[in-house]
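**Student:** Got a sequence here, can you model it:
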Amino acid sequence: MYTVYALYSPSHQKIYIGYTTNLEQRLISHNSLGKKGWTIKYRPWKLAYTEDFETKKEAMRREKQLKSAKGREFIWNLVNEKFK
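**Tutor:** Sure, this is the predicted structure:
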């Protein structure tokens, strides 16, 4: 099972979109364990959205959609409803 997820950094007004097979561990990595990468600069992260897929190919396709302009608009609308 693959999970596509969106994170929100309230302190920096940023979103991050990715996919993983272990969401719990990935959130820990984004928020504390990770030592390099884009997300460490914008901690802490809150989980804003998830979607589950059977295959990696499906998850990658959805991640790409969410990273498009329309997808980011969709995520920002969810973030604005959930966190504001």
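**Student:** Near the residue lying closest to G34 once chain neighbours are set aside, how many other residues are there?
**Tutor:** The shortest distance from G34 to any non-neighbouring residue, by CB to CB, 6 or more residues apart in numbering, is to I40 (5.3 Å). C-beta here means a position set from N, CA and C on the backbone, and glycine is covered the same way. Using other CB atoms under 10 Å, I40 has 15 other residues around it.
**Student:** Now D52, what are its backbone angles?
**Tutor:** Main-chain dihedrals, D52, degrees, to the nearest 10: phi -100, psi 140.
**Student:** Quick check, it in contact with Y5.
**Tutor:** No: judged on CB atoms under 8 Å, D52 makes no contact with Y5 at a distance of 9.9 Å.
**Student:** Compare these two and say which is more crowded by neighbours.
**Tutor:** Per other CB under 10 Å, whichever of D52 and Y5 has more neighbours is Y5, with 23 against 13.
**Student:** The more buried one in helix, strand or coil?
**Tutor:** Look at Y5: counting by DSSP: H, G, I helix; E, B strand; the rest coil, its state is strand.
**Student:** Quick one: the helices in the chain, in order.
**Tutor:** 23-28, 56-66, 69-83 (DSSP state H).
**Student:** Would you reformat those as JSON lines and include mean neighbour count, distance to S11 and mean pLDDT?
**Tutor:** Below are these laid out as JSON lines (neighbours: other CB atoms under 10 Å; distance: least, CB to CB, whole Å; pLDDT from 0 to 100):
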{"stretch": "helix 23-28", "mean neighbour count": "14", "distance to S11": "16", "mean pLDDT": "97"}
{"stretch": "helix 56-66", "mean neighbour count": "15", "distance to S11": "22", "mean pLDDT": "98"}
{"stretch": "helix 69-83", "mean neighbour count": "13", "distance to S11": "11", "mean pLDDT": "97"}
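**Student:** Compare those and report which one is nearest to H12.
**Tutor:** helix 69-83 (12.5 Å; CB to CB).
**Student:** Which other helices and strands does the closest one contact?
**Tutor:** strand 2-9, strand 14-20, strand 46-53, helix 56-66 (3 or more CB pairs under 8 Å, 6 or more residues apart in numbering; DSSP states H and E).
**Student:** what's near enough to touch A6?
**Tutor:** Listed by CB atoms under 8 Å, 6 or more residues apart in numbering, the contact set of A6 reads 15-17, 47-50, 66, 75, 78-79.
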